[in-house]
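[1] dropping the sequence and predicted coords here.
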Amino acid sequence: MKAIWNKQIIAESDNTVVIENNHYFPADSIKKEFFKSSATQSNCPWKGIASYYSLEVDGALNKDAAWFYPETSHAAKAIEGSVAFWKGVEISE
């Protein structure tokens with residue numbers, strides 16, 4: 001699977017985990033040069049507290065377009081540390 005934004009592959013993996021129609025990419029499959037830390041957090045009742053990344057590709061910024069759970073509940077251990085996308089990021093094979 002590939003995550004693409006602004007015509008750039010920002011993550012690629014054969015080992016994504018799909019939960020709630022979101023592909024979670026292993027942390028080592030993201031291209032870190034496109035990811036900027038964000039102070040944004042949100043809470044999922046069954047997964048835990050999510051942290052976010054903003055994406056920056058060719059001078060364009062997509063704020064909080066990626067999220068991950070640094071520590072998950074027991075029920076979501078399969079995605080702990082993995083990264084998922086929204087806000088116009090295309091996921092394709």
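    Everything's here; your move. Numbers count the residues shown, from 1 in each chain.
[2] residue 49 reaches residue 68, doesn't it?
    No. Judged on Cβ atoms under 8 Å, residue 49 makes no contact with residue 68 at a distance of 10.4 Å. Backbone N, C-alpha and C define where each C-beta goes, glycine included.
[3] so these two - more neighbours on which side?
    The residue with more neighbours, out of residue 49 and residue 68, is residue 68; 20 against 13, by other Cβ atoms under 10 Å.
[4] tell me the helix or strand right after the helix or strand encompassing the more buried one.
    Per DSSP states H and E, residue 68 falls inside strand 60-68. Next along the chain after strand 60-68, taking DSSP H and E as the criterion, comes strand 83-85.
[5] output the contacting helices and strands for that next one.
    With contacts taken as 3 or more Cβ pairs under 8 Å, 6 or more residues apart in numbering; DSSP states H and E, strand 83-85 sits against strand 8-12, strand 22-24, strand 60-68.
[6] any chance of those strands in a markdown table, with distance to residue 80 too?
    A markdown table is the format used below for these (distance: least, Cβ to Cβ, whole Å):
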| stretch | distance to residue 80 |
| --- | --- |
| strand 8-12 | 17 |
| strand 22-24 | 9 |
| strand 60-68 | 9 |
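[7] so which of those strands comes closest to residue 34?
    Of all the helices and strands packed on strand 83-85, strand 8-12 sits nearest to residue 34, with 4.8 Å by Cβ to Cβ.
[8] averaged pLDDT, that closest one. What do you get?
    Averaging pLDDT along strand 8-12 gives 98.
[9] with just CA atoms, put that strand into CSV.
    Extracted in CSV, the C-alpha atoms of strand 8-12 (Å, rounded to 0.1, in the frame of the first residue of the first chain):
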residue,chain,number,x,y,z
GLN,A,8,4.6,12.3,-3.5
ILE,A,9,4.7,8.9,-1.9
ILE,A,10,4.9,9.6,1.8
ALA,A,11,4.6,6.0,3.1
GLU,A,12,4.7,2.6,1.5
